[in-house]
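Colleague: show me the folded form of this:
(one chain, ligands or ions: 1)
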Amino acid sequence: MTASQSSKTTAVTIRKSDRPVTISRHLYGHFSEHLGRCIYEGIWVGKDSLIPNTEGYRDDVLEALKQVQVPVLRWPGGCFADEYHWMDGIGPYEKRARMVNSHWGGVEENNHFGTHEFLRFCELIGAEPYISGNVGSGTVQEMQQWVEYMTLDGESPMANLRKQNGQEKPWKLTYFGVGNENWGCGGNMRPEYYADEYRRYGTYVRNYSDNRIYKIACGPNVDDYRWTEVLMREAAGHMQGLSLHYYTVPTGIWDNKGDATGFGTEEWYETLRRTLYMDELITKHTAIMDKYDPQKRVGLIIDEWGTWYNVEPGTNPGFLYQQNSLRDALVAGINLNLFHKHADRVHMANIAQMINVLQALILTEGEKMILTPTYHVFNMYKVHQDAELLPLEFESPSYAYGAARIPQLSASASRDKQGRVHLSLCNLHHEEELRLAVDISGLNVSIGTGTILNDPKLDAHNDFSNPEAILPVKLEGIVMEEGILRVTLPAASVAVIELV
Ligand code: AHR
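Modeller: Numbers count the residues shown, from 1 in each chain. Take a look at the predicted model:
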């Protein structure tokens, strides 16, 4: 190797952890809202649909979701949750209330996908349910009865109603959100007021029979540190989790967020720079939580994250339908690496959203379905689920754009229960490759294989006429010699390497 080559090589060391931290599989959670075509068309087509389905759920979507291993799924919103009255969505379909989905496009909501349909869907894909209750426009009684309906084993008015509707045994429900964005669409509350409401509503979210609920309080919007401070001060002892919402908006301007495809290098850079802001947000919210909860008992639950672009031209603006490109793959890879890094405080994260909305893993059009670059990243990274975090040491080269600078490398490593080590790597630079020398001595591994997602086009994406335009392929050129793994990542790429 020449001197100039070696000076351009970034050294990375994988350390053994001195303090074991597990990367909870729940960091790979999803979010599904009654919004646009996420639930209806995306998940649920009904038993009479010509689209192949099992009990009304699309077969192609079921298959894809089983493959990607969804650990936990949040539902029914979002803003929709604080207008949702669960009793509208149980019993015979013809008797279910029809309502207007006033948040999302003003379309009719026929309530055909309700509690039973959601919980059955979770069973079919092997996910744990995470239900968001209605604080903004619902009553304490309504919330109490919903939990009783789902989880009480034995005789009670709600348990009997559930049985009458065909579900004899209660479901197991762990995760329950007491409201959503109550600083905004969930009631425009002040943190002091919400903290009291949280305590009151939460009191009646009971542990029936042997079910144990993990209660999640509505947390801050982005950098609203005062919200975190007040909630932790007033209610930490009553919660198991506190949420955080942060979306990546390329321009930072909500009226013109930037397009999902057809963007230039500046928007690429800005998108990744704004994604990295997640690190600062988690760090600062964690510092506040540490003051009140040094043992890190309360989880930071990032139950909405992802890109938010202008909707696709010609689509309903209330449906939040956007394409998903190689840039979204980088956003996913960076965020997941960050969640790993903070896994001692971040107990769950839920990408917004699962299908046809915002940074979706899956897009559908009639009977057609495509998997997005974000799906492929989740599929490549799933090897980290429930693995032990291995600390990394490296000094990333800078990725400069104009006067701004961000690190060019985002990386994370873990060891799974079988002893396999996985290294996930993102090269953020839009045009420069990244040469790495990874010190793996001491890990007791000798073979390295990898997968990479990459394309010369920054907005490479799959669509219904070309569903496999961008797919993960084998990562070539891995060399292992004397405890060092050498590999070169092309510009704009996400890779996962397995070491055994
Ligand atoms: O995910 C779309 C919306 O974004 C959710 O309904 C809301 O919670 C957030 O503002």
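Colleague: and the average pLDDT for stretch 16-27 is what?
Modeller: With pLDDT averaged residue by residue, stretch 16-27 scores 92.
Colleague: an error on my part: the question was meant for stretch 180-192.
Modeller: Averaging pLDDT residue by residue across stretch 180-192 gives 98.
Colleague: buried ones in it, by neighbour count?
Modeller: Burial within stretch 180-192, assessed by neighbour count using 16 or more other CB atoms under 10 Å, is assigned to 180-183, 185-187, 189, 191. (C-beta placed from N, C-alpha, C; glycine too.)
Colleague: quick one: stretch 302-312 to chain centroid distance?
Modeller: Once both centres are worked out by CA atoms, centre = their mean, to the nearest Å, stretch 302-312 turns out to sit 10 Å from its chain's centre.
Colleague: what's the spacing between whatever residue of the stretch 301-450 of the chain ends up closest to the ligand and I302?
Modeller: With CB to the nearest ligand atom as the measure, the residue in the stretch 301-450 of the chain that lies nearest the ligand is A352; the distance is 4.3 Å. Distance, A352 to I302, using CB to CB, to the nearest Å: 10 Å.
Colleague: surely D386 forms part of a helix?
Modeller: No: counting by DSSP: H, G, I helix; E, B strand; the rest coil, D386 falls outside a helix, being coil.
Colleague: model confidence score at the residue of the stretch 301-450 of the chain closest to the ligand, please.
Modeller: 98.
Colleague: thinking it is in contact with Q322, fair?
Modeller: No: counting by CB atoms under 8 Å, no contact exists between A352 and Q322, whose distance comes to 11.2 Å.
Colleague: may I have stretch 355-375 as PDB, with CA atoms only?
Modeller: Below are the C-alpha coordinates for stretch 355-375, written out as PDB (Å, rounded to 0.1, in the frame of the first residue of the first chain):
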ATOM      1  CA  ILE A 355     -46.800   1.300   4.100                       C
ATOM      2  CA  ASN A 356     -47.700   4.100   1.600                       C
ATOM      3  CA  VAL A 357     -47.100   7.000   4.000                       C
ATOM      4  CA  LEU A 358     -44.000   9.100   4.600                       C
ATOM      5  CA  GLN A 359     -40.800   7.000   4.700                       C
ATOM      6  CA  ALA A 360     -42.500   3.800   3.900                       C
ATOM      7  CA  LEU A 361     -40.900   0.300   3.700                       C
ATOM      8  CA  ILE A 362     -43.600  -0.800   1.200                       C
ATOM      9  CA  LEU A 363     -45.600   0.900  -1.500                       C
ATOM     10  CA  THR A 364     -48.700  -0.500  -3.100                       C
ATOM     11  CA  GLU A 365     -50.700   0.400  -6.200                       C
ATOM     12  CA  GLY A 366     -53.800  -1.800  -6.700                       C
ATOM     13  CA  GLU A 367     -52.500  -5.400  -6.700                       C
ATOM     14  CA  LYS A 368     -48.900  -4.400  -7.200                       C
ATOM     15  CA  MET A 369     -46.400  -4.000  -4.300                       C
ATOM     16  CA  ILE A 370     -42.800  -2.800  -4.200                       C
ATOM     17  CA  LEU A 371     -40.200  -2.800  -1.500                       C
ATOM     18  CA  THR A 372     -38.300   0.400  -1.000                       C
ATOM     19  CA  PRO A 373     -34.600   1.100  -0.300                       C
ATOM     20  CA  THR A 374     -35.700   1.700   3.400                       C
ATOM     21  CA  TYR A 375     -37.200  -1.800   3.400                       C
END
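Colleague: how about that stretch: buried residues?
Modeller: Buried-residue list, stretch 355-375, by 16+ other CB under 10 Å: 355-364, 369-375.
Colleague: any idea how far it is from the middle of the chain?
Modeller: A distance of 15 Å separates the C-alpha centroid of stretch 355-375 from that of its chain, computed with CA atoms, centre = their mean.
Colleague: report pLDDT for the residue of the chain found nearest the ligand.
Modeller: With distances taken as CB to the nearest ligand atom, the chain approaches the ligand most closely at G78, which sits 2.6 Å away. The predicted local confidence for G78 comes out at a pLDDT of 97.
Colleague: any idea how far F31 is from it?
Modeller: Taken as CB to CB, the spacing of G78 relative to F31 amounts to 7 Å.
Colleague: quick check: residues of this protein near the ligand?
Modeller: 33, 77-79, 180-181, 304, 352-353, 358 (CB under 6 Å from any ligand atom).
Colleague: mind listing what's buried along the longest helix belonging to the chain?
Modeller: The helix of greatest length in the chain, counted in residues with DSSP state H as the criterion, is given as helix 265-292. Applying a neighbour-count criterion of 16+ other CB under 10 Å, one finds 267-276, 278-279, 281-282, 285-286, 288-289, 292 buried in helix 265-292.
Colleague: and the helices in this protein, which stretches?
Modeller: Listed from the start of the chain, the chain has helices (DSSP H) covering 3-7, 59-68, 115-125, 140-151, 157-164, 191-203, 225-235, 265-292, 326-341, 373-381.
Colleague: P294: what's it in contact with?
Modeller: Under the criterion of CB atoms under 8 Å, 6 or more residues apart in numbering, the contact list for P294 is empty.
Colleague: how about E148?
Modeller: The contact partners of E148, by CB under 8 Å, 6+ apart, come to 156-159, 206, 208.
Colleague: then V421?
Modeller: The contact partners of V421, taken as CB under 8 Å, 6+ apart, are 14, 390, 413-415, 440, 443, 445, 498-500.
Colleague: and the residues you listed, which of them are buried?
Modeller: Among the contacts of V421, those scoring as buried are 14, 390, 413-415, 440, 443, 445, 498-499 (criterion: 16+ other CB under 10 Å).
Colleague: now, which of the residues you listed lie within strands?
Modeller: Secondary structure assignment by DSSP state E places 14, 390, 413-415, 498-499 of the buried ones among the contacts of V421 in strands.
Colleague: any chance of a markdown table for these, columns distance to A404?
Modeller: What follows is those, written out as a markdown table (distance: CB to CB, whole Å):
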| residue | distance to A404 |
| --- | --- |
| I14 | 29 |
| L390 | 30 |
| A413 | 28 |
| S414 | 31 |
| R415 | 35 |
| E498 | 34 |
| L499 | 34 |
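Colleague: neighbour-wise, which one of the contacts of E148 leads?
Modeller: Most neighbours among the contacts of E148, by other CB atoms under 10 Å: A159, with 22 neighbours.
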